[in-house]
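Novice: fold the stuff below for me.
(one chain, ligands or ions: 1)
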Amino acid sequence: MTAMAQTKMQTDPNPAIVSLKGISKTFSNGTVALNNMSLDIRQGEFVSLLGPSGCGKSTALRIITGLTGPSTGRVDWPQETASATEHELSFVFQEPTLMPWATVFANVWLPLRLKGISQRQAHDSVMEALEMVGLAEFSKSYPRELSGGMKMRVSIARALVTKPKLLLMDEPFAALDEITRFKLNNDLLHLWETFGWTVVFVTHSVFESVYLSDRIVVMAARPGRVVNDMAIDAPYPRDESFRTSTVYSGFCREVSQALHAAMDAGDDM
Ligand SMILES: Nc1ncnc2c1ncn2[C@@H]1O[C@H](COP(=O)(O)OP(=O)(O)OP(=O)(O)O)[C@@H](O)[C@H]1O
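Specialist: Coordinates of the predicted model:
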């Protein structure tokens, strides 16, 4: 770390935990998924990446995880010295991707098992993660016995079992019905507030992003890039009364306008 970066960390009360610096990504077929994306994610933020299909939201998340490398630019972890594979992050995908032949317990144990932690050693952590998502009673069930919302909760428990500092979620609730989605939105916010994680959440939905986030990064496509960075300055806890408030609808209107501007900007290219 340079002396200047060190001074900035000492003076910045909330330095970034991950910092994308001038990231571009061009796939081998020539698609420019991201063009010069810079973004600081700070400790405790709930940031949504919002944008039309193909604007590079998933690519940005995959680059943060290290699953994909950028073509140019870099990802910095200013508060850590460990190598990229050791960052304390977890990923939740749109599909719960559970192992159908394994119990709920075994599915949630998987990330610990991969680190060499035995079932007995993992027991308390797995049950604690299942407790967090309200599924402790279902530890012996199989995925086929669960509803779509419950499967997604198992997937979230599996992401939480390693106690990550950064939770990356790629449209986790997109396939769920609206009532289940609202319920999981509330549960996620409750967990976020309780445990103080940092969340980066990809969504197409203005309504979902405003409800959840304290910050929305609006992206445009062709090429994928950041076009707006908006604070959602409404207090937490947020609940159903927030969903029906004029403050909420005002933010939804503002973000919707920004999204439409982003879509028009994409069409111009
Ligand atoms: N492995 C790949 N090879 C080639 N092109 C890719 C690859 N992955 C993504 N792309 C392209 O890169 C662009 C950005 O894709 P990405 O999935 O990141 O967008 P997105 O904003 O997450 O889209 P969606 O909301 O539809 O999931 C798209 O044009 C996509 O077709």
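Novice: check contacts around residue 135.
Specialist: Applying CB atoms under 8 Å, 6 or more residues apart in numbering to residue 135 gives the contacts 104, 150, 153-154, 157. (Glycine included, C-beta is placed from N, CA and C.)
Novice: the same query, at a cut-off of 6 Å, please.
Specialist: By CB atoms under 6 Å, 6 or more residues apart in numbering, the contact list for residue 135 reads residue 153.
Novice: quick thing: my sequence starts at 53, can you match it?
Specialist: All right, first residue 53 from here; so that's residue 187.
Novice: how much space separates it from the ligand?
Specialist: 27 Å (CB to the nearest ligand atom, to the nearest Å).
Novice: and the strands in the stretch 53-202 of the chain?
Specialist: With DSSP state E, counting those that start in this stretch as the criterion, the stretch 53-202 of the chain has strands at 68-78, 84-94, 98-102, 124-128, 141-144.
Novice: avg pLDDT for the first one?
Specialist: Averaging pLDDT along strand 68-78 yields 95.
Novice: repeat that for the shortest one.
Specialist: The average pLDDT for strand 141-144 rounds to 90.
Novice: ok, now the third one?
Specialist: Strand 98-102 shows an average pLDDT of 97 in the prediction.
Novice: hmm, that strand in reach of the ligand?
Specialist: No - Strand 98-102 stays clear of the ligand (CB under 6 Å from any ligand atom), getting no nearer than 7.9 Å.
Novice: paired strands for that strand, with orientation please.
Specialist: Paired with strand 98-102 in the same sheet, following DSSP bridges, are strand 250-255 (parallel), strand 267-272 (parallel).
Novice: show me what contacts residue 191?
Specialist: 156-157, 182.
Novice: again, but for residue 91
Specialist: So residue 91 contacts residue 72 (CB under 6 Å, 6+ apart).
Novice: how does it look with 7 Å?
Specialist: Residues in contact with residue 91 (CB atoms under 7 Å, 6 or more residues apart in numbering) are 72, 269, 278.
Novice: reformat these as JSON lines; add neighbour count.
Specialist: Formatted as JSON lines, those follow (neighbours: other CB atoms under 10 Å):
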{"residue": "72", "neighbour count": "22"}
{"residue": "269", "neighbour count": "22"}
{"residue": "278", "neighbour count": "22"}
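Novice: so which of those comes closest to residue 173?
Specialist: Residue 173 has its nearest neighbour among these in residue 72, at 35.7 Å by CB to CB.
Novice: am I right that the closest one is in contact with residue 93?
Specialist: No - Residue 72 lies out of contact with residue 93 (CB atoms under 7 Å); the separation is 8.2 Å.
Novice: quick one: name the residues of the stretch 53-202 of the chain near the ligand.
Specialist: 79, 81, 83, 85, 103, 105-111.
Novice: what is the neighbour count of the residue of the stretch 153-302 of the chain at minimum distance from the ligand?
Specialist: Proximity of the stretch 153-302 of the chain to the ligand (CB to the nearest ligand atom) peaks at residue 276, 5.5 Å away. Neighbour count for residue 276, taken as other CB atoms under 10 Å: 27.
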